[in-house]
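# 3D, please:
(chains A and B, ligands or ions: 1)
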Amino acid sequence: MGDSAADDSKIPITVDFSGGLEILFSNQRHYALSLPAADKDGSPSTIKSLVGYLLKELIKDPRQDLFVLDGHIRPGILVLINNADWELEGEEDYELQAGDNIFFVSTLHGG
Amino acid sequence: MASLHANGTLGGGDDSQNQHDSNLDNGTSRRLTDEEFDRYSRQMIVPGMGKEGQLRLINGRILIIGAGGLGCPAAQYIAGAGVGTIGIIDGDVVELSNLHRQVGHSTSRIGMKKVDSLITHLRDLNPLPTYIPHPFPLTPQNAASILSAYDVILDCTDNPATRYLISDVCVLLGKPLVSAASVRTSGQLIVLNCPPAPQGVLADGPHPPCYRCCFKNPPPPHAAPSCGEAGILGPVVGLMGLAQAGEAIKILASALHLPTHTGEANLRQPTLLIYSYDLAGAVGPYTFRALRMAGRKKTCFACGEGSEGRLTLEGIKDGTPDYEVFCGLNATPKGGGLSPQERITAGAYRAARERGELEGHLLVDTREREHFSLGRIEGAVNVPFGGLLMKAAAIKREGGRGAEILPGVGVGAEAAIFVVCRRGLDSQEVVEKFKELGLDNGGKRRIMDIVGGMKAWKDEVDPSFPFV
Ligand SMILES: [Zn+2]
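Residues are numbered from 1 along each chain as shown, chains lettered A, B, ... in the order given. Got it, this is the predicted structure:
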């Protein structure tokens, strides 16, 4: 907590991947990240900003299309904000808060 | 201890079997037989179950759709618990590669219908329930008549099209649905439509979600690997199947399958359980996660506002919605699809070839390699759809040449391109992609979709074609 207060320009969050998405992110399921608190235009960082950051900084696999299609999270991926469906929280435009956990889950169909 | 009862009289079993059609109140006051009492005593003394809960199980009817990695463990525990009527539907036969996870089958029953194999196992475990075999696949045509005879439905299937079909029919019939899935080292579980609320009703909510409320669109086909492609660990899928049995038993024993008139009172927070297993690490803090999902959505195709007008049992039987199209064509072609000049029927394509009008053309077949290997139109080259989409995106992103997407075969830059797929959907999207990549040379080069794909080729041109 003290750390985030010390640097207001950054937001500490955690990001998790499951359902196979971790393969796109170096097979690592859990990340602790420090994101800019605001976008270039000065507006607060949102889920959309986070997705841009993930594409730019974190995704190692060339198959980005398995994560983002036409500029949006692809169909078949659930986004959970602090363990709740992002539709309960405002989807892409949700403004990130310090300590948030964002969880990306690919829905499965095997059995 | 179990051996004391294994040879006990079966006389009481007939009583319980005859009561499965009775409604909830009937039958929960009868006496248990001696065998029932012994067999179920350990679960009856669990607080909340009791004799009444046990009799609800005995009077209950559960349908297990899929007798595989989820269905086997689910069926074992549901049978063990004494659910009175257990239906199992699956068209497959037992294969050796199933047995590491589908532990209700056995090596000696390889080649047997999975439904018969699993029921053989279950009867030995508990002879009291009535087992109903449905040894064929679930289809839009048979789904409603089969599901309507049960109280709780378990989705233990392995593909998105069947998952959407099952959920839609459950919404229309008012059945709770326990849905699970597992691939590789991950598992998911969610209870849907429970307690059931009438289709399209939003007032006095919140009401429980259906599968479409939670998962509005299926993933692109190339992003949804099957267990056969991606692999699967037995305990991971098994755990999900066991959890399904647990939820189904809870629903019956607590009578949650009965429609409620006070939606809010009974609606529990819809929860998606995620199991992430890690072969390389011990149990960690992220192994199990319980995620809060939203309730029924106003905009849901199946259960939302006005859904009665677009989703009906009759419509499903007649092919509306088309579940294969829905799950194969998630990324609809932009710009309203192709013009008539960009499409050719299989018959017309063949005729033009025979007239020698298509000298030097390129025929791209976008089916999966396995399908292509079973049969192809002479001269076709295989570029599977998933890889093609990815490559197209990579070329756009990295500014490569559009022609890089074509297979390295000797065709001129002016040669017409024809695209064929399995049923004629992917091919339309591929024609769009080729144009986006500039392969049409500003309209100078013909790029055409063969309408209806290899299915149409079989129907219109070559009845002996091995279409799979
Ligand atoms: Zn719905």
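# Tell me the residues on chain B that lie near the ion, please.
When proximity is defined by Cβ under 5 Å from the ion, chain B lies next to the ion at B:210, B:212-213, B:300, B:302-303. Every C-beta, even on glycine, is put in place using the N, C-alpha and C of the backbone.
# Strands - which of these land there?
Under the assignment DSSP state E, these contribute nothing to strands.
# nearest to B:Phe385, of these?
Checking these against B:Phe385 by Cβ to Cβ gives B:Arg212 as the nearest, at 24.2 Å.
# Of the residues of chain B next to the ion - the most surrounded one?
Among these, the one with the most neighbours (other Cβ atoms under 10 Å in any protein chain shown) is B:Cys303, at 32 neighbours.
# which ones are touching the nearest residue to A:Ser45 once chain neighbours are set aside?
Computed as Cβ to Cβ, 6 or more residues apart in numbering or on different chains, the closest residue to A:Ser45 that is not its neighbour in sequence is A:Leu96, at 4.8 Å. Applying Cβ atoms under 8 Å, 6 or more residues apart in numbering or on different chains to A:Leu96 gives the contacts A:11, A:13, A:35, A:44-47, A:49-50, A:102.
# For those, work out which two are farthest apart.
Farthest pair in the contacts of A:Leu96 (Cβ to Cβ) is A:Pro44 and A:Ile102. Separation: 14.8 Å.
# Quick one, grab the pLDDT at A:Ala6.
In this model, A:Ala6 is scored at 46, pLDDT.
# swap that for B:Ala394, please
In this prediction, B:Ala394 carries a pLDDT score of 78.
# any idea which helix is longest in the chain?
Picked chain A for this. If you go by DSSP state H, chain A has its longest helix at helix A:47-53.
# Switch to chain B, please.
Under DSSP H, chain B gives helix B:234-253 as its longest helix.
# State the mean pLDDT of that helix.
Here helix B:234-253 scores 97 as its mean pLDDT.
# Next: stretch B:208-221.
For stretch B:208-221, mean pLDDT rounds to 91.
# Show me what counts as buried in it.
Within stretch B:208-221, the residues that qualify as buried are B:208-215, B:217-221, counting by 16 or more other Cβ atoms under 10 Å in any protein chain shown.
# Counting only helices, which of those residues make the cut?
Under the assignment DSSP H, the buried residues of stretch B:208-221 contribute B:211-214 to helices.
# Now render the residues you listed as JSON lines, adding distance to chain A.
Shown next, in JSON lines, are those (distance: Cβ to the nearest Cβ, whole Å):
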{"residue": "B:Tyr211", "distance to chain A": "10"}
{"residue": "B:Arg212", "distance to chain A": "12"}
{"residue": "B:Cys213", "distance to chain A": "9"}
{"residue": "B:Cys214", "distance to chain A": "8"}
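# just the residues you listed now: which is nearest the ion?
B:Cys213 (3.5 Å; Cβ to the ion).
# Quick check: which helices or strands does the helix or strand hosting B:Glu429 pack against?
Per DSSP states H and E, B:Glu429 falls inside helix B:426-436. For helix B:426-436, the elements it packs on are helix B:385-398, strand B:417-420, strand B:447-451, judged by 3 or more Cβ pairs under 8 Å, 6 or more residues apart in numbering or on different chains; DSSP states H and E.
# which one of these has the lowest average pLDDT?
Among the helices and strands packed on helix B:426-436, helix B:385-398 has the lowest mean pLDDT, at a mean of 79.
# For it, list the C-alpha coordinates in PDB.
Only the C-alpha atoms of helix B:385-398 are listed here, as PDB (Å, rounded to 0.1, in the frame of the first residue of the first chain):
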ATOM      1  CA  PHE B 385      -8.500 -22.100 -41.900                       C
ATOM      2  CA  GLY B 386      -7.100 -21.500 -38.400                       C
ATOM      3  CA  GLY B 387      -3.600 -21.100 -39.600                       C
ATOM      4  CA  LEU B 388      -4.700 -19.000 -42.600                       C
ATOM      5  CA  LEU B 389      -6.500 -16.500 -40.300                       C
ATOM      6  CA  MET B 390      -3.500 -16.200 -38.100                       C
ATOM      7  CA  LYS B 391      -1.100 -15.800 -41.000                       C
ATOM      8  CA  ALA B 392      -3.400 -13.100 -42.500                       C
ATOM      9  CA  ALA B 393      -3.400 -11.200 -39.200                       C
ATOM     10  CA  ALA B 394       0.400 -11.500 -38.900                       C
ATOM     11  CA  ILE B 395       0.900 -10.200 -42.500                       C
ATOM     12  CA  LYS B 396      -1.400  -7.200 -41.800                       C
ATOM     13  CA  ARG B 397       0.400  -6.500 -38.500                       C
ATOM     14  CA  GLU B 398       3.900  -6.800 -39.800                       C
END
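# contact partners of that helix?
If you take Cβ under 8 Å, 6+ apart as the criterion, helix B:385-398 is touched by A:62-66, B:220-223, B:331, B:366-368, B:400-402, B:404-405, B:421, B:426, B:429-430, B:433, B:436-437.
# ok, 7 Å please
Where contact means Cβ atoms under 7 Å, 6 or more residues apart in numbering or on different chains, the residues beyond helix B:385-398 that reach it are A:62-63, A:65, B:221-222, B:366, B:402, B:404-405, B:421, B:426, B:430, B:433, B:437.
# How about stretch B:143-159?
The contact list for stretch B:143-159 (Cβ under 7 Å, 6+ apart) reads A:109-111, B:60-66, B:68, B:70-71, B:74, B:87, B:89, B:134, B:138, B:163, B:165-166, B:169-170, B:173, B:175-180, B:226-227, B:241, B:244, B:248, B:251-252, B:257, B:313, B:316.
# now do stretch B:444-458
Contacts with stretch B:444-458, where a contact means Cβ under 7 Å, 6+ apart, come from B:338, B:342-346, B:349, B:367, B:377, B:414, B:416-424, B:427-428, B:431, B:434-435, B:439-440, B:465, B:467.
# which residues does residue 62 contact?
If you meant another chain, say so; for now it's chain A. Counted by Cβ under 7 Å, 6+ apart, A:Pro62 has contacts B:Ala394.
# that answer is for a different chain, and I need it for chain B
B:78, B:83, B:86, B:150-152, B:154, B:248.
# Give me the subset of those lying in strands.
Among the contacts of B:Ile62, DSSP E puts B:86, B:152, B:154 in strands.
# Of these, which is the most crowded?
Using other Cβ under 10 Å as the neighbour test, these are led by B:Leu154, with 29 neighbours.
# Quick check: bridge partners of that residue?
Bridge pairing for B:Leu154 (DSSP bridges) gives the partners B:Ile64, B:Val178.
# Quickly note the distance from whichever residue of chain A sits closest to chain B to A:Gly90.
Nearest residue of chain A to chain B, counting by Cβ to the nearest Cβ: A:Gly76, 2.6 Å away. Between A:Gly76 and A:Gly90 the distance is 21 Å, computed by Cβ to Cβ, to the nearest Å.
# Just want to know which of the two has more residues nearby.
Between A:Gly76 and A:Gly90, A:Gly76 has the larger neighbour count (other Cβ under 10 Å), namely 23 against 12.
# in chain A, which strand has the most residues?
strand A:10-18.
# Pull out the buried residues from the next helix or strand after that strand.
If you walk from strand A:10-18 toward the C-terminus, the next helix or strand you reach (DSSP H and E) is strand A:30-36. Buried residues in strand A:30-36, counted by 16+ other Cβ under 10 Å: A:30-31, A:33, A:35.
# Pipe those residues into JSON lines and attach distance to B:Ser117 and pLDDT per row.
Below are the buried residues of strand A:30-36 laid out as JSON lines (distance: Cβ to Cβ, whole Å; pLDDT from 0 to 100):
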{"residue": "A:His30", "distance to B:Ser117": "41", "pLDDT": "92"}
{"residue": "A:Tyr31", "distance to B:Ser117": "44", "pLDDT": "96"}
{"residue": "A:Leu33", "distance to B:Ser117": "49", "pLDDT": "96"}
{"residue": "A:Leu35", "distance to B:Ser117": "53", "pLDDT": "93"}
